[in-house]
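# Got a predicted structure here, sequence first:
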Amino acid sequence: MNGVRHVGIVGVSAEGAALCYRTICVESAALLGAHNHPQITTHTFPLAAYIRAIEANRWRAVGRLLLGSANILVRAGAEILVCPDNTVHQAFDRVRDRVPARWLHIAVEVTAVAAERGFRRVGILGTRSLMEGTLYPVHLGARNIAYEVPDVHDREQINAIIFDELCYGRVEPRSKEYVFRVMETLREQGCDGVVLGCTEIPLLISEAESPLPAIDSTRTLARAALRAATESVRR
């Protein structure tokens with residue numbers, strides 16, 4: 001469609017990439033008409049390659065993987081790039097300016113939503129690396145939004161739920177109940193919202209059923225990609 005930009009999805013986990021893809025396709029209809037959506041190309045290196053690099057704290061290697069996918073997508077015609085994975089955004093600054101396409105940053109988009117919704121203190125849920133890292137604290141702090149993360153034991157358990165279950169598309173009721181309890185604890189610590197900061201967590205808990213007002217990072221990024229891809233036809 002004339003004026004609609006080609007979206008490239010830098011996949012990391014299959015589930016996160018698939019949810020991002022489906023969200024763009026489904027929600028495009030309201031803007032572009034029935035069964036219409038931007039061109040979308042996806043490239044994904046094996047998740048195992050990312051896990052090895054992250055566990056070894058080799059963020060340059062993570063960046064090389066991201067850049068490799070980005071270059072493939074740009075050669076395929078992508079003009080907007082998104083990566084539906086929060087953890088690997090810790091290497092984002094290494095690659096952002098190295099491809100001739102517009103990258104959208106998941107934490108920037110999520111933080112903008114948190115600010116729009118007036119959150120003052122949010123809980124951060126995600127992989128252990130994300131919850132213990134600086135990605136969201138930096139972006140939230142820039143908007144004067146405080147944050148909390150679960151305790152060490154809960155971080156380990158949530159990390160296991162993500163990698164051992166959700167990345168395989170498995171949704172276990174006991175895991176859902178566990179994450180609900182963690183959210184209740186975050187509420188008791190003064191959080192008025194929670195970031196579903198792993199792109200697979202929305203498979204387990206939706207924004208509608210969350211015990212705390214939630215921001216679905218996967219769909220937030222997908223919606224940002226859709227806005228960017230269609231901005232010329234929405235004017």
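Received, thanks. Numbers count the residues shown, from 1 in each chain.
# what's Tyr147 sitting at in phi/psi?
phi -150, psi 160 (degrees, to the nearest 10).
# Likewise for Val195?
Torsion angles, degrees, to the nearest 10, at Val195: phi -100, psi 120.
# ok, it to Arg58 distance?
Distance of Val195 to Arg58, given as CB to CB, to the nearest Å: 26 Å. Using the backbone N, CA and C atoms, a C-beta is placed for each residue, glycine as well.
# Regarding the protein, what is its longest helix?
When the chain is parsed with DSSP state H, its longest helix is helix 14-32.
# other SSEs contacting that helix?
Applying 3 or more CB pairs under 8 Å, 6 or more residues apart in numbering; DSSP states H and E, one finds that helix 14-32 makes contact with strand 7-11, strand 40-44, helix 201-204, helix 217-230.
# try 7 Å this time
Under the contact definition 3 or more CB pairs under 7 Å, 6 or more residues apart in numbering; DSSP states H and E, helix 14-32 sits against strand 7-11, strand 40-44, helix 217-230.
# now the second one and helix 217-230, what's the angle there?
In other words, strand 40-44. Interaxial angle, strand 40-44 versus helix 217-230 (axes from the mean of the first three to the mean of the last three CA atoms, to 10 degrees): 140 degrees.
# and the next element down the chain from strand 40-44?
Remark: after strand 40-44, the chain's next helix or strand is helix 47-55, criterion DSSP states H and E.
# What residues sit buried inside the helix or strand that that following helix is followed by?
Next along the chain after helix 47-55, taking DSSP H and E as the criterion, comes helix 59-75. Within helix 59-75, the residues that qualify as buried are 59, 61-67, 69-74, counting by 16 or more other CB atoms under 10 Å.
# And the chain, split by domain according to the record?
7-106+220-230, 107-216 (automatic domain parsing).
# Tabulate the ones you listed in JSON lines, adding columns for mean pLDDT.
Output for the domains of the chain, formatted as JSON lines (pLDDT from 0 to 100):
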{"stretch": "domain 7-106+220-230", "mean pLDDT": "96"}
{"stretch": "domain 107-216", "mean pLDDT": "96"}
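# before we move on, back to that, neighbour count for Val195 and Arg58, which is higher?
Val195 (30 against 13; other CB atoms under 10 Å).
# Contact partners for that one?
Val195 makes contacts with 110, 122-125, 136, 215, 217, as judged by CB atoms under 7 Å, 6 or more residues apart in numbering.
# hmm, 10 Å instead?
86, 107, 110-111, 113-114, 119, 122-126, 130, 136, 140, 145, 147, 201, 212, 214-217, 220 (CB atoms under 10 Å, 6 or more residues apart in numbering).
# same check, this time on Ile145
Contacts of Ile145 by CB under 10 Å, 6+ apart are 111, 114-115, 118-122, 136-137, 139, 192-193, 195.
# residues near Ser129, how many?
Residues contacting Ser129 under the criterion other CB under 10 Å number 18.
# how about the nearest residue to it, chain neighbours excluded?
Thr87 (5.2 Å; CB to CB, 6 or more residues apart in numbering).
# before we move on, the earlier item: now, the contacts of Ile145 that are in strands?
The strands, defined by DSSP state E, take in 121-122, 193, 195 from the contacts of Ile145.
# Looking at those, which one is closest to Ala160?
Of all the ones in strands among the contacts of Ile145, Ala160 sits closest to Val195, with 19.4 Å by CB to CB.
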